[in-house]
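Student: predicted model follows, preceded by the sequence.
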Amino acid sequence: MRRGFQVRVVGPQDWILYPALIALALTVVFGTPARLFGLALPEPVFPMVLAFAWPLIRPSILGPLALLLCGLFLDLMWGGTLGLWAVVMLGVYGVILAVRGLILGQDTLVLFFWYAGATFVAYAVAWTFVTLDAGSPPSLVGGFLQMAATMALFPVANYLIERFDDGDVRFR
Amino acid sequence: MTFRDGPFENFKVPLVWTAAVAVVVAGVVAVLLLVTDKRESLTAEGYGGVRSGFDRVAAPAGGVLSAPVRWTGRGSDWISGYFFAVSENRKLKKQLEEMQALRDANIALKNTNDRYERLLGIRTEPAIRMATARAVSESRGPFANARLIDAGSRKGIRIGNPVVNEHGLVGRVVGVTSGVSRVLLLTDVASRTPVLVDRSDARAILVGDGGRNPRLEFIRGQGTIKAGDRIMTSGDGGVFPRGLPVGVAAKGIDGRWRVKLFSDAGAIDYVRILLFQSFDQLVDPAALEAPPLAGLETAPPPSPELTARIEAVAPARREAGATPPPAARPAPATVTMAPAPAPAARTSTPARAQGTTTSAPAAATAPRKANPTPSPARKSSAPARRPDGTPTRPVPYNRLPGGTP
């Protein structure tokens, strides 16, 4: 007798809602003023992973809206200029969406270069805006350290892409 | 006829286009927020209700989510303390030896300083009330350096209050709710703090840039600063009180003067908030409004017995007054023991002198002669008298308005 099997539909909650909530929760956890062996915790921009992975997984209306909310959350959480990270991450999303045809199906190393490049441009934009807004340039060293911590999250972005890009055959 | 059955039956909008439209819409919203944000103003209006509401929710949630990290941090502190106990002990012993000498010198200097302050009538600022709080969240990035602390307006905290830890100045409060406040650190790119160099009294502005060591800009004078100079708040502008320790001057790798912050010496987990708004709050408005001699007490009206005695000796006084003074008698000089100038602790104006002081009193140097009639101008240890003969009570300086006991 042939037994039926259940097909689990991968919905937006799987690749948008839950990853976004996890990213925000990690932001809160890494914002703890604790020191481990005298060193402060790193402070990467976790939602940057989503801004890179979501347009590659599939184009969506919910993605940009979720990124807008994530960016505003970061600004409110960190006490920065409201809208800064939303603009930066939406910029990353838009650029990757425009060139997704070039990136899809490429080797992991190529993906990493695209991720690193997008992160670098995002930080350059943020650095320029903050310089103009505050009238004083932020520390390049501090910016580089946070950018490096954010780039180190590429394996997570790669995992999300590999996990979800084939989740819906309609978007192949 | 439904929409699908019409001419748009086979019309499908590419998903990339819809996503692009969503990006544009969200981007416009974000840009509008970015342009209209007034964070740099560091005022209550600039902070806004959205931030306040978020802080109110984020602080307890952050406290719960970050609990495991705090426990881990305490564990790592315990392990570090265990392995580095010997070296730490040696370092502390050395510091203790240095501090004992400094303590003795400090006691002697404080004693001398107190006496000078009393003699000169220097306006001393009263102690500022403080509130204690714990940091529940922080941001360390290059574009924002701030902390959330679990104390707010219920404890009297207001926007602008300076925040210190046990080592030195941390920052100032830029947002307040009833139970949570946000502290802008000295290292934030929007932070500007008026400071002075302790050795040369040169003024400068401490400018945060997101790094650990903020820059010193607008340093007045040439050669007024050198490596190792102690930096403290100058009090200019009235945001911070003068004299809060900030850090030590050091030359950065970019050739600019920077400050190694004292507050970095330890974790900024527990902080104290100085409930200081401006120098105005150190002044008692009632004392400023009071007339200068409002604190003087007047003698009670004379009793009948005293009136009778005064009237009894009045004819003798009148006769004595009619007698011409001897020619050889030196001119009387007015010598009044001037009380020490009042230290106007609660007034912004210097205390008035309470009497006329002559540095070379003639009567004090002239030979004394017998004078049966007591003269009110005569220098003596007896209390001064009013024209009606009643003695006046000397008013101690600390009874004057603004005086300190």
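Tutor: Cool, the structure landed. From a predicted model like this one, the values you see are computed outputs, not experimental measurements.
Student: output the below-cut-off pLDDT ranges for chain A.
Tutor: Of all residues in chain A, those with pLDDT under 70 make up the ranges A:1-7, A:166-172.
Student: look through it and tell me its longest helix.
Tutor: helix A:108-134 (DSSP state H).
Student: other SSEs contacting that one?
Tutor: In terms of contacts (3 or more C-beta pairs under 8 Å, 6 or more residues apart in numbering or on different chains; DSSP states H and E), helix A:108-134 is packed against helix A:47-57, helix A:84-98, helix A:100-103, helix A:140-151, helix A:154-164. Where C-beta positions appear, they are placed from N, C-alpha and C, glycine not excepted.
Student: for the fourth one, which helices and strands make contact with it?
Tutor: Helix A:140-151 makes packing contacts with helix A:108-134 when contacts are defined by 3+ C-beta pairs under 8 Å, 6+ apart.
Student: and the longest helix of chain A with helix A:154-164, angle?
Tutor: 120 degrees (axes from the mean of the first three to the mean of the last three C-alpha atoms, to 10 degrees).
Student: give me the distance from helix A:108-134 to the chain's centre.
Tutor: With C-alpha atoms, centre = their mean, to the nearest Å as the basis, the distance from the averaged C-alpha position of helix A:108-134 to the chain average is 12 Å.
Student: looking at the helices and strands packed on helix A:108-134, which is nearest to B:S153?
Tutor: When the helices and strands packed on helix A:108-134 are ranked by distance to B:S153, counting by C-beta to C-beta, first place goes to helix A:84-98 at 27.5 Å.
Student: buried ones in that closest one, by neighbour count?
Tutor: If you call a residue buried by 16 or more other C-beta atoms under 10 Å in any protein chain shown, then helix A:84-98 has these buried ones: A:84-97.
Student: likewise for stretch B:61-78?
Tutor: Under the neighbour-count criterion of 16+ other C-beta under 10 Å, stretch B:61-78 has B:62-63, B:65-66, B:69, B:73, B:76-77 buried.
Student: hmm, it touching chain A?
Tutor: Yes - against chain A, stretch B:61-78 shows contacts by C-beta under 8 Å from any C-beta of the partner chain at B:61-62, B:65-66, B:68-70, B:72-73, B:76-77.
Student: out of these, which sit inside strands?
Tutor: Using DSSP state E, no member of the residues of stretch B:61-78 next to chain A falls within strands.
Student: show me what from the stretch 151-300 of chain B comes close to chain A.
Tutor: By the criterion of C-beta under 8 Å from any C-beta, the positions of the stretch 151-300 of chain B lying close to chain A are B:174-175, B:182, B:184, B:188-190, B:207-211, B:267-269.
Student: tell me which two in those residues are the farthest apart.
Tutor: The widest separation within those, taken as C-beta to C-beta, falls between B:V207 and B:D269 and amounts to 25.8 Å.
Student: lowest-confidence helix or strand of chain B?
Tutor: Within chain B, judged by mean pLDDT, DSSP states H and E, the helix or strand with the poorest mean is helix B:362-365; its value is a mean of 36.
Student: look up how far A:A152 lies from the most centrally placed residue in chain A.
Tutor: In chain A, the C-alpha nearest the mean C-alpha coordinate belongs to A:M48, at 2.0 Å (C-alpha atoms, centre = their mean). For A:M48, the distance to A:A152 equals 11 Å [C-beta to C-beta, to the nearest Å].
Student: repeat that for B:A85.
Tutor: When distances are taken as C-beta to C-beta, B:A85 and A:A152 turn out to be 34 Å apart.
Student: same question for B:P68.
Tutor: B:P68 is 21 Å from A:A152, where distance means C-beta to C-beta.
Student: quick one: average pLDDT of the longest helix along chain B?
Tutor: With DSSP H applied, the helix covering the greatest number of residues in chain B is identified as helix B:85-120. Model confidence over helix B:85-120, given as mean pLDDT, is 89.
Student: right, is it up against chain A?
Tutor: No - judged by C-beta under 8 Å from any C-beta, helix B:85-120 and chain A are separated, with a smallest distance of 12.1 Å.
Student: buried ones in that helix?
Tutor: Of the residues in helix B:85-120, none are scored as buried under the neighbour-count criterion (16+ other C-beta under 10 Å).
Student: that's a helix at B:G171, yeah?
Tutor: No - counting by DSSP: H, G, I helix; E, B strand; the rest coil, B:G171 is located in no helix; its state is strand.
Student: wait, it sits on B:V183?
Tutor: Yes - under the criterion of C-beta atoms under 8 Å, B:G171 makes contact with B:V183 at 4.8 Å.
Student: if I look at B:D198, how far off is B:L169?
Tutor: Counting by C-beta to C-beta - B:D198 and B:L169 are separated by 14 Å.
Student: same question for B:E40.
Tutor: Noted for B:E40: a distance of 20 Å to B:L169, by C-beta to C-beta.
Student: between those two, which has more neighbouring residues?
Tutor: The residue with more neighbours, out of B:E40 and B:L169, is B:L169; 26 against 13, by other C-beta atoms under 10 Å in any protein chain shown.
Student: now that one. Nearest residue, chain neighbours left out?
Tutor: The shortest distance from B:L169 to any non-neighbouring residue, by C-beta to C-beta, 6 or more residues apart in numbering or on different chains, is to B:L244 (4.7 Å).
Student: quick check: the one you found touching B:T233?
Tutor: Yes - using C-beta under 8 Å, B:L244 is in contact with B:T233, at 4.3 Å.
Student: dump the residue contacts of residue 88.
Tutor: No chain was given, so I picked chain A. A:V88 makes contact with A:71, A:122-123, A:125-126, according to C-beta atoms under 8 Å, 6 or more residues apart in numbering or on different chains.
Student: my question was about chain B
Tutor: Here B:E88 is in contact with B:G81 (C-beta under 8 Å, 6+ apart).
Student: ditto for B:N161
Tutor: B:172-173, B:273-277.
Student: of the residues you listed, which is the most crowded?
Tutor: Result: B:I273 is most packed of the contacts of B:N161 (other C-beta under 10 Å), 26 neighbours.
Student: which SS state does it fall under?
Tutor: B:I273 falls in the strand class when you classify it by three-state DSSP.
Student: can you pull the pLDDT of it?
Tutor: Here the pLDDT value assigned to B:I273 is 93.
Student: dig out what it forms beta bridges with.
Tutor: Listed beta-bridge partners, B:I273: B:A131, B:V163 (assigned using DSSP bridges).
Student: I'd say it and B:G171 touch.
Tutor: No - if you go by C-beta under 8 Å, B:I273 and B:G171 don't touch, sitting 10.3 Å apart.
Student: okay, and the common contacts of those two?
Tutor: Contact criterion C-beta under 8 Å, 6+ apart; residues bridging B:I273 and B:G171 by contacting each: B:162-163.
Student: where are the low-confidence patches of the stretch 101-250 of chain B?
Tutor: B:122-126.
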